[in-house]
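turn this into a structure:
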Amino acid sequence: MPVALISGINGQDGAYLSEFLLNNDYDVHGMVRRKADSNIWRLEELGIHDSVELHIGDVTDSASIGRIVSGLEFEPFEIYNLAAQSYVKASFETPVSTFQINANGALNMLEATRRVCAQRGKTWVKFYQASTSEMFGLTDLISQNENTAFHPRSPYGVAKLAAHWAVINYRETYGLFACSGILFNHESPLRGEEFVTRKITAAVARICAGKQKNLSLGNIDAVRDWGFAGDYVKAMWLMLQLPEPDDFVVATGQAHTVREMCDIAFAHGGLDYKNYVTVDSSLFRPCEVPDLRGNSMKARKILGWSPSVEFKDLITNMVDTELKREGVVQHAASA
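This is a model prediction of the structure:
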């Protein structure tokens, strides 16, 4: 039975990846920080919390990582480094800790992998790093692929770029089977409420339930390429099944504005977003990234990957989940 270790298993991607791997007969292990040990609501919502084994560890603590990685002795063995401070806006307020988690944390994971592979063979462990479209940042290209120059515009993007280059360096220097997935925005009902997609869909349900009156957002004309997180974790796995490691952009290739998202989400709740959404300039990022959209032709050709969920369906499904969470049985759009 193949074994996988997932850092950040209690996040959105970690939960969906765990579900995917369990369905493919993996023995799934997850690393969580001690204070986050009980925060496994995503695993519980998917009904898999009793099917994974959790280990206390922190990506910023190299000793705990080394202990966990060296203690799992089955081959093939896959490591998915998903742990991160992943909220871009917060990275402007906490750049040092963001860098410690996102950059140094990835380096600690890579070094633990290198040490194990030095003892047991260079392909004993296959390593996946969660890179991000925020590394592209300021670009004048219509879409971004693996050859697009990076120009990150946030401490989050800078830290992730450092980790991305560390993966390439460990691959070229030590011969590790190490891949990076440059994932564009991917969402789901398991998204944290600090992210704009969940902030919008949760607001719709709360307004329908009479618990909220309006919603303040930042730049609603920002353009992003949004897909379904459940599709994107499959791409992570596919990368580690290749005969040779490589890096891939994972994206739908379709771009939408936050304004369009608001329109779809509120309309699905039988509401007009213009009556509820206000723009608050204080919520704008210090350095805006106006437009990101991915070219995933390489992933489609080599991995055979493609997204299965359309943007509108993604947003309406998220709204439906929030309505159920709020106990709203019917709304105008479905009545």
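
from here on, just use CA atoms for contacts and neighbour counts.
Noted.

secondary structure element for residue 5?
strand 3-7 (DSSP states H and E).

which strands and helices sit next to whichever helix or strand comes after that strand?
The element immediately downstream of strand 3-7 (helix or strand, assigned by DSSP H and E) is helix 12-23. Helix 12-23 sits against strand 27-32, helix 41-45, helix 229-239, with contacts defined as 3 or more Cα pairs under 8 Å, 6 or more residues apart in numbering; DSSP states H and E.

export these as CSV, with columns for mean pLDDT and mean neighbour count.
Converted to CSV, those look like this (pLDDT from 0 to 100; neighbours: other Cα atoms under 10 Å):
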stretch, mean pLDDT, mean neighbour count
strand 27-32, 94, 22
helix 41-45, 95, 17
helix 229-239, 98, 22
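
list the buried residues for the strand holding residue 5?
For strand 3-7, burial by neighbour count (16 or more other Cα atoms under 10 Å) applies to 3-7.

please name the strands paired to that strand in the sheet, noting orientation.
Note on strand 3-7: by DSSP bridges, its sheet partners are strand 27-32 (parallel), strand 77-81 (parallel).

next, the angle from that strand to helix 12-23.
170 degrees (axes from the mean of the first three to the mean of the last three Cα atoms, to 10 degrees).

check what contacts strand 3-7 and list those residues.
14, 26-32, 59, 74-83 (Cα atoms under 8 Å, 6 or more residues apart in numbering).

mind exporting it as PDB, just the C-alpha atoms?
Presented in PDB, the C-alpha positions along strand 3-7 are these (Å, rounded to 0.1, in the frame of the first residue of the first chain):
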ATOM      1  CA  VAL A   3       1.900   5.900   1.800                       C
ATOM      2  CA  ALA A   4       1.500   9.700   1.700                       C
ATOM      3  CA  LEU A   5       2.400  12.400   4.200                       C
ATOM      4  CA  ILE A   6       0.600  15.700   3.900                       C
ATOM      5  CA  SER A   7       1.600  18.800   5.700                       C
END
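
average model confidence for it?
When pLDDT is averaged along strand 3-7, the result is 96.

let me see the domain layout of this protein.
Listed domain ranges for the chain are 3-186+226-250, 192-224+255-291+309-325 (source: automatic domain parsing).

can you give me the helices in this protein?
12-23, 41-45, 62-71, 88-93, 95-99, 105-120, 155-174, 196-208, 229-239, 258-268, 297-298, 311-325 (DSSP state H).

residues in contact with the last one?
Applying Cα under 8 Å, 6+ apart, the set of residues contacting helix 311-325 from outside is 187-189, 197-198, 201-202, 204-206, 208, 226-228, 261, 264-265, 268-269, 329.

whichever of the residues you listed end up buried, select them in ChimeraX.
To isolate the buried members of these in ChimeraX, using 16+ other Cα under 10 Å:
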select :187,188,189,197,198,201,202,204,205,206,208,226,227,228,261,264,265,268,269
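
thinking again about what came up before, okay if I get the strands paired with strand 3-7 as JSON lines plus distance to residue 304?
What follows is the strands paired with strand 3-7, written out as JSON lines (distance: least, Cα to Cα, whole Å):
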{"stretch": "strand 27-32", "distance to residue 304": "24"}
{"stretch": "strand 77-81", "distance to residue 304": "20"}
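
from the buried residues of strand 3-7, which single one is nearest residue 49?
Residue 49 lies nearest to residue 6 out of those, by Cα to Cα, at 13.7 Å.

list the buried ones in the lowest-mean-pLDDT helix or strand in the chain?
Every helix and strand of the chain was ranked by mean pLDDT, DSSP states H and E. The lowest is helix 88-93, at a mean of 86. By 16+ other Cα under 10 Å, the buried positions in helix 88-93 come out as 88-92.

thinking again about what came up before, the domains of the chain: which one's closest to residue 301?
domain 3-186+226-250 (10.8 Å).

ok, back up a step: and the helices and strands packed on helix 12-23 as a markdown table, adding distance to residue 98?
Formatted as a markdown table, the helices and strands packed on helix 12-23 follow (distance: least, Cα to Cα, whole Å):
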| stretch | distance to residue 98 |
| --- | --- |
| strand 27-32 | 17 |
| helix 41-45 | 23 |
| helix 229-239 | 22 |
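
among these, which comes closest to residue 104?
Of the helices and strands packed on helix 12-23, nearest to residue 104 by Cα to Cα is strand 27-32, at 16.3 Å.

and the gap between residue 141 and residue 305?
Noted for residue 141: a distance of 23 Å to residue 305, by Cα to Cα, to the nearest Å.

between the two, which one's more packed in?
residue 305 (18 against 12; other Cα atoms under 10 Å).

for the nearest residue to the more buried one once chain neighbours are set aside, give me the pLDDT.
Among residues not flanking residue 305 along the chain, residue 299 sits closest, at 5.9 Å (Cα to Cα, 6 or more residues apart in numbering). Confidence at residue 299, expressed as pLDDT, is 98.
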